[in-house]
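Peer 1: sequence first, then the predicted structure:
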Amino acid sequence: MYFLLFYKTVDNFIEKRAPYRSAHLDLVKEAQKNEFLIMAGALAEPADGAVLVFRGEDASVAEDFARNDPYVQNGLITEWSVRPWTVVIGG
């Protein structure tokens, strides 16, 4: 099953993320290596959020990622949510 993790970011996120970016990317790489994280990326125009696609038995794969993300832990994410995603084509 697939799950989408939605992030809403603070103003000036691009500038504020620098101290936490390396640790965030380490978490991303680990989740991808373990085949939980399928793809991820920031929203643009405006740069006010991100979407991450997870695959797992339940929503905990995405929820655990968010709770352990340095961006979340350090207040750069103002809101996050996880939704199941029914894939019709692809995957």
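Peer 2: That came through, no problem.
Peer 1: where along this protein do the helices fall?
Peer 2: 13-16, 18-33, 60-68, 70-73 (DSSP state H).
Peer 1: per-residue pLDDT, Gly91?
Peer 2: As predicted, Gly91 sits at a pLDDT of 68.
Peer 1: same thing with Ala66?
Peer 2: Per-residue pLDDT puts Ala66 at 98.
Peer 1: skipping adjacent residues, who's closest to it in space?
Peer 2: Trp80 (4.8 Å; C-beta to C-beta, 6 or more residues apart in numbering). The way it works is simple: take the backbone N, C-alpha and C, and place the C-beta from them, glycine included.
Peer 1: hang on, the earlier thing: for Ile89, find the nearest of the helices of the chain.
Peer 2: For Ile89, the closest of the helices of the chain is helix 60-68, at 21.4 Å, according to C-beta to C-beta.
Peer 1: what helices or strands is that closest one leaning on?
Peer 2: strand 2-9, helix 18-33, strand 49-55, strand 77-85 (3 or more C-beta pairs under 8 Å, 6 or more residues apart in numbering; DSSP states H and E).
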